[in-house]
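Undergrad: Fold the following, please.
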Amino acid sequence: MDTNQPIIVKRVKKIAAGRHGGAWKIAFADFAVAMMAFFLVMWLMSSATPEQKKAISGYFQDPIGFSESASPYVIDLGGTPTPAPDRTLNPELNEEITPGEQPLNALQAEQLFEQAERERLDILLVELQRKINDDFDLQPYKEQILMDISRDGLRIQIADAANRPMFDLGSARLQPYFEDILFIMADTIRDVPNKISVGGHTDAKRFASDSGFGNWELSANRANAARRALHAGGLGDDKIARVAGYASSIPYDPADPDSPSNRRIDILVLTKRALDGIEGEQGDNKGASETASAAISNAAATTPTKPMRDKLNVFEKGVLQFEDVDG
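TA: Now for the predicted structure:
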């Protein structure tokens with residue numbers, strides 16, 4: 001018994017399946033953070049404006065002094081900063097220009113203004129379309145709202161449908177759905193500086209009665225009713241440049257003068273050129289009236305000679321007429 005070897009029992013611990021160290025968690029966390037930073041940078045780059053991208057590019061090209069593409073103030077890192085370019089003020093356009101750049105002339109400035117105005121009208125058109133599409137109650141009336149950009153501005157036409165008129169028959173009383181459309185228009189148009197023109201149109205059907213009230217009066221009354229609804233929706237009276245009734249003189253469907261689409265209200269968001277034309281017409285009328293009044297006053301204040309008194313007649317409407325007594 002003393003010669004027997006001792007019996008050694010070895011116990012091996014078996015690791016259960018799926019159990020291992022935790023080093024992978026650190027690596028995965030680093031990867032997740034890196035991916036989050038990557039997608040954040042991609043999102044920022046996609047939402048950055050061209051000016052911001054130019055500034056970022058300028059910084060990486062010259063981190064010490066990227067004054068040409070961004071701020072002229074640099075952080076002193078011990079290097080030699082790039083000097084900021086000399087900038088002067090253009091007194092005509094009230095904006096800074098760098099030396100060597102030619103200031104814009106009047107024609108170029110006008111073209112830039114018209115381009116910016118067109119872009120503003122494009123944005124307004126998209127915003128109006130979005131609001132109409134998002135309003136569930138206005139979905140049945142989308143086909144009656146026609147919008148396009150013309151030379152005079154953004155034109156919004158709201159036309160009758162065969163079974164959905166905007167007004168009561170032969171009157172200027174608005175239907176509730178038409179008021180809702182006008183409220184949306186007013187809430188959006190008031191955010192732009194442009195003035196508007198409101199016009200009323202009818203079809204070619206005549207009134208049965210001989211009271212003297214016809215399509216001209218009806219179209220003007222409906223245009224004014226639309227103006228009042230726009231005012232109730234928040235559009236100030238100072239934004240209204242003109243309200244006019246056109247009867248059936250400008251049909252939407254010339255092939256069918258009695259078509260319901262000819263009964264419509266058009267709202268024109270005026271460009272500056274179109275507004276100047278309207279104000280010019282009003283100014284010309286005012287100037288003509290003042291000229292006629294001045295002529296009458298001068299004629300009354302002047303004592304003409306005997307032959308001239310025989311030739312000169314001053315009429316009530318301010319028209320001076322000369323008669324040649326000798327033929």
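Undergrad: which SS state does Arg155 fall under?
TA: strand (DSSP: H, G, I helix; E, B strand; the rest coil).
Undergrad: Helices along the protein, start to end?
TA: Along the chain, the stretches classed as helices by DSSP state H are 23-47, 50-61, 106-134, 176-189, 215-232, 272-301, 306-311.
Undergrad: Now the weakest link among the ones you listed, please, by mean pLDDT.
TA: Among the helices of the chain, helix 306-311 carries the lowest mean pLDDT, a mean of 41.
Undergrad: From Glu110, how far off is the nearest residue to Val192 once chain neighbours are set aside?
TA: Using CB to CB, 6 or more residues apart in numbering and skipping the chain neighbours, the partner closest in space to Val192 is Leu124 (5.7 Å). In this view, the C-beta of every residue, glycine as well, is placed from N, C-alpha and C. Per CB to CB, to the nearest Å, Leu124 is found 21 Å from Glu110.
Undergrad: Mind putting the helices of the chain into TSV with distance to Lys239?
TA: TSV is the format used below for the helices of the chain (distance: least, CB to CB, whole Å):
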stretch	distance to Lys239
helix 23-47	33
helix 50-61	32
helix 106-134	13
helix 176-189	7
helix 215-232	8
helix 272-301	11
helix 306-311	51
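Undergrad: so which of those comes closest to Ser197?
TA: Nearest to Ser197, of all those, is helix 272-301, at 7.0 Å by CB to CB.
Undergrad: what's the domain layout of the chain?
TA: For the chain, automatic domain parsing gives the domain ranges 112-270, 279-322.
Undergrad: any chance of the ones you listed in a markdown table, plus mean neighbour count?
TA: As requested, the domains of the chain are exported to a markdown table (neighbours: other CB atoms under 10 Å):
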| stretch | mean neighbour count |
| --- | --- |
| domain 112-270 | 16 |
| domain 279-322 | 11 |
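Undergrad: between these, which one is nearest to Asn105?
TA: Checking those against Asn105 by CB to CB gives domain 112-270 as the closest, at 10.9 Å.
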